[in-house]
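K.L.:
I'd like to go over a predicted model; first the sequence, then the structure.
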Amino acid sequence: MPQLSFELIATDNNSKARAGTITTDHGVIETPIFMPVGTVGSVKAVTQQQLKEEVNAQIILGNTYHLYLRPGTDVLEAAGGLHKFNGWNRPTLTDSGGYQVFSLAANRKITEEGVLFQSHIDGSKHLFTPEKVMDIERSIGADIIMAFDECPPYPSEYRYAQKSMELTHRWLDRCFTRIAETPDKYGYSQNLFPIVQGATYKDLRVNSCQFVASKNAVGNAIGGLSVGEPEEEMYEFAALCCEHLPLNKPRYLMGVGTPWNILENISLGIDMFDCVMPTRNGRNGMLFTTKGIINIRNKKWATDFSVIDDGFECTTSNYYSKAYLRHLFVANEILALQIASIHNLSFYLWLVKEARKHILQGSFNSFKNEMITVLKQRL
């Protein structure tokens, strides 16, 4: 089965920003890219048709922990994998569930073998080992599958961060061994990305980058950032990782972030992003727009009959007024959640597409600096 491939097309003149293409068996992804999060096989409040036709999503995420618990691998295998189950025929990525398991701090136990945890649904006990997680991700059937790692909290003591990183590295070896001894499912290539850890310690991060790079995987991820550290620290460690990860492989910064976080990290050399922020914040009435941030519940929008955002092309954003969307939120109408989610996701995908355009033109850095000032404004 041919593996995922990455082609680096251009680098910006005044930053480390890159434009490239990732080719998978379910299609081509143009980078830099933002990936909407579909935790349980669904991007909340948005249909797969809307993701394609309005949001223009090129790849979406599923979560191993949640999909393992519901609907379970038996159902997913019977359906022919997640693509067939949810009707999404473009690329998918599954995170390994490590972050979810470790967030259950009171209900899990970490050992060399793996992590014993209790389901948040019914309290039942389960053991995630690197081998089991690879098997589950094979059954889910994503094009890109993430290694099982431990994500240490912020802040972490040096010794804890070091032990955690070393455990992640040993688990990574086991992930690669398991992938090598099991076949791809469903007739297409499934590609393992290792994850860099090391908390906010430079020597640990460099060590982890070098270990990950030595695996010669088709792509690499940076984990353990955007977990509570100051933004400047996130940028510092993302930049450090980019210096030590291969140029010719895609770099995925996990769980990031705000629109300005994304632009700053693109400038450092990151290619792939995901975050629940556009949908979660959208469902709470926060809209990211080409003119700044809107809290649509505020009374000031009650008689503003201008469209949500005319700064980019989006059927939803260019159609509904701010006043109408505010009314839907105040009335607790479900449609409000859908409109806000589609708008925010469409805006994120537009933003990375614009970033790519400016990288290809060699003008990304000035575009980034102008946009960040606007994007942070509260309207």
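P.N.:
Nice, I can see it.
K.L.:
going forward, measure contacts between C-alpha atoms and count neighbours the same way
P.N.:
Will do.
K.L.:
what segments of the protein are helices?
P.N.:
For the chain, helices defined by DSSP state H occupy the ranges 48-50, 64-69, 73-79, 82-86, 98-103, 130-140, 158-181, 202-214, 231-244, 259-268, 277-283, 322-330, 334-361, 364-375.
K.L.:
columns mean pLDDT on top of the ones you listed, output as JSON lines?
P.N.:
Output for the helices of the chain, formatted as JSON lines (pLDDT from 0 to 100):
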{"stretch": "helix 48-50", "mean pLDDT": "98"}
{"stretch": "helix 64-69", "mean pLDDT": "96"}
{"stretch": "helix 73-79", "mean pLDDT": "98"}
{"stretch": "helix 82-86", "mean pLDDT": "98"}
{"stretch": "helix 98-103", "mean pLDDT": "76"}
{"stretch": "helix 130-140", "mean pLDDT": "98"}
{"stretch": "helix 158-181", "mean pLDDT": "98"}
{"stretch": "helix 202-214", "mean pLDDT": "98"}
{"stretch": "helix 231-244", "mean pLDDT": "98"}
{"stretch": "helix 259-268", "mean pLDDT": "98"}
{"stretch": "helix 277-283", "mean pLDDT": "98"}
{"stretch": "helix 322-330", "mean pLDDT": "98"}
{"stretch": "helix 334-361", "mean pLDDT": "98"}
{"stretch": "helix 364-375", "mean pLDDT": "97"}
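K.L.:
so for G20, which of those helices sits nearest?
P.N.:
Nearest to G20, of all those, is helix 334-361, at 8.6 Å by Cα to Cα.
K.L.:
how far off centre is the closest one?
P.N.:
Relative to its chain's centre, helix 334-361 lies at 14 Å (Cα atoms, centre = their mean, to the nearest Å).
K.L.:
re the thing from before, wait, which of the helices of the chain is closest to N191?
P.N.:
helix 158-181 (8.9 Å).
K.L.:
who's in contact with L8?
P.N.:
18-21, 248 (Cα atoms under 8 Å, 6 or more residues apart in numbering).
K.L.:
can you lay out the helices of the chain as JSON lines showing distance to E112 and mean neighbour count?
P.N.:
Formatted as JSON lines, these follow (distance: least, Cα to Cα, whole Å; neighbours: other Cα atoms under 10 Å):
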{"stretch": "helix 48-50", "distance to E112": "39", "mean neighbour count": "14"}
{"stretch": "helix 64-69", "distance to E112": "19", "mean neighbour count": "22"}
{"stretch": "helix 73-79", "distance to E112": "25", "mean neighbour count": "17"}
{"stretch": "helix 82-86", "distance to E112": "30", "mean neighbour count": "17"}
{"stretch": "helix 98-103", "distance to E112": "14", "mean neighbour count": "19"}
{"stretch": "helix 130-140", "distance to E112": "10", "mean neighbour count": "24"}
{"stretch": "helix 158-181", "distance to E112": "7", "mean neighbour count": "18"}
{"stretch": "helix 202-214", "distance to E112": "18", "mean neighbour count": "19"}
{"stretch": "helix 231-244", "distance to E112": "26", "mean neighbour count": "17"}
{"stretch": "helix 259-268", "distance to E112": "33", "mean neighbour count": "23"}
{"stretch": "helix 277-283", "distance to E112": "33", "mean neighbour count": "22"}
{"stretch": "helix 322-330", "distance to E112": "48", "mean neighbour count": "20"}
{"stretch": "helix 334-361", "distance to E112": "39", "mean neighbour count": "22"}
{"stretch": "helix 364-375", "distance to E112": "43", "mean neighbour count": "17"}
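K.L.:
could these be laid out in CSV, adding distance to G114?
P.N.:
Below are these laid out as CSV (distance: least, Cα to Cα, whole Å):
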stretch, distance to G114
helix 48-50, 34
helix 64-69, 14
helix 73-79, 19
helix 82-86, 25
helix 98-103, 10
helix 130-140, 7
helix 158-181, 8
helix 202-214, 19
helix 231-244, 26
helix 259-268, 32
helix 277-283, 29
helix 322-330, 43
helix 334-361, 35
helix 364-375, 41
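K.L.:
quick one: residues contacting G20.
P.N.:
Contacts for G20 (Cα under 8 Å, 6+ apart) come out as 6-10, 30-32.
K.L.:
got a markdown table for these, with pLDDT and distance to N369 too?
P.N.:
Output for the contacts of G20, formatted as a markdown table (pLDDT from 0 to 100; distance: Cα to Cα, whole Å):
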| residue | pLDDT | distance to N369 |
| --- | --- | --- |
| F6 | 98 | 28 |
| E7 | 98 | 27 |
| L8 | 98 | 23 |
| I9 | 98 | 23 |
| A10 | 98 | 19 |
| E30 | 98 | 22 |
| T31 | 98 | 20 |
| P32 | 98 | 17 |
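K.L.:
now the buried members of these.
P.N.:
Among the contacts of G20, those classed as buried by 16 or more other Cα atoms under 10 Å are 6, 30-32.
K.L.:
any idea which residue is closest to the centre of this protein?
P.N.:
The residue lying closest to the centre of the chain (Cα atoms, centre = their mean) is D274, at 2.0 Å.
K.L.:
what's the distance between it and R108?
P.N.:
25 Å (Cα to Cα, to the nearest Å).
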